[in-house]
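Chemist: 3D model of this:
(one chain, ligands or ions: 1)
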Amino acid sequence: MRKHIVAGNWKMNNDLAMTESLITELKNQSQTSNAEVMIAPTFTNLWHAFEALRSSNVEVIAQNMHFAESGAYTGEISAEMLKSVGVQTVILGHSERRAYFNETDELLAKKVDAALKSNMRVIFCFGEELADRKAGNHETIVGNQIKNGLFHLEAEAFKNIVLAYEPVWAIGTGETASPEQAQEMHAFIRETLANKYGQETANSVSILYGGSVKPNNAKEIFSKPDVDGGLIGGAALNAEDFYTIVNAF
Ligand SMILES: O=C(CO)COP(=O)(O)O
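Modeler: Predicted structure coming up:
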């Protein structure tokens, strides 16, 4: 059975005080859920979040990392540094990293390797831009992002990979992919995996949808057979909204 996962990507939001109060609110909401629940605060708040959520069922994850183990990379954070503050899962390849920090497929493949080498789990993100969707190239773009970032791996590695389809045109815009568009793309992603690694591996990988998932649309999106969870931006900054989404499973 594939895992259901709902992960909140806080992006560059919430200082320490805001992190403390949002975590308190999350703990008030937090009950048993049918999905694994994760939050990704900024680097400076990871340790606090990890300590505060130690005995909860909320996993604290990171938004990014560097591929090197250590060295002269001013401003960067390594997998081992993340692990030393309790982080076991990292988001890689978010479209904002690709667009604003020039992260290429080649760089992301190195980051994926580094994370897996440190026994971390990766949430690997990809998605097409509006122009690609309008031109009907969305499957080609997404297929290439997956192949270039991940297809150097052995099937075994997919035990520690979660995929996240986030169409760029749906991120922070209030415009979601329709549940049908999400399902169609998720089925294509699973087929792409199956063609390379076989159906069993493809069926075992959780594929999350991200892009304006809100309390009022989560249930319908999550009801689709190939949508195994969500990567939530804006709505993850409010504990009640986030848990309404978590409880949509
Ligand atoms: O980018 C996202 C999660 O990583 C989605 O953000 P929004 O939910 O704010 O559209």
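Chemist: contacts for stretch 217-230?
Modeler: Contact with stretch 217-230 is made by 2-7, 35-36, 176, 179-180, 182-183, 186-187, 189-190, 206-210, 213, 244-245, 248-249, as judged by CB atoms under 8 Å, 6 or more residues apart in numbering. In short, each C-beta sits where N, CA and C put it, glycine included.
Chemist: so of the residues you listed, which ones are in strands?
Modeler: When DSSP state E is applied, the contacts of stretch 217-230 are split such that 5-7, 36, 207-210 fall in strands.
Chemist: quick one on the thing from earlier: filter the contacts of stretch 217-230 down to the ones close to the ligand.
Modeler: The overlap between the contacts of stretch 217-230 and the neighbours of the ligand (CB under 6 Å from any ligand atom) comes to 210, 213.
Chemist: just the buried residues of the contacts of stretch 217-230.
Modeler: Burial by neighbour count, 16 or more other CB atoms under 10 Å: within the contacts of stretch 217-230 this picks out 4-7, 35-36, 176, 179, 182-183, 186, 189-190, 206-210, 213, 244-245, 248-249.
Chemist: so for stretch 176-185, mean pLDDT?
Modeler: Mean per-residue pLDDT for stretch 176-185: 95.
Chemist: and for stretch 50-66?
Modeler: 96.
Chemist: what does the chain put close to the ligand?
Modeler: Contact residues, the chain versus the ligand (CB under 6 Å from any ligand atom): 9, 94, 166, 171-172, 210-213, 231-235.
Chemist: tell me the one of these nearest residue 149?
Modeler: Nearest to residue 149 among the residues of the chain next to the ligand, counting by CB to CB, is residue 94 at 12.2 Å.
Chemist: show me what contacts the closest one?
Modeler: Here residue 94 is in contact with 9, 63-64, 125, 166 (CB under 8 Å, 6+ apart).
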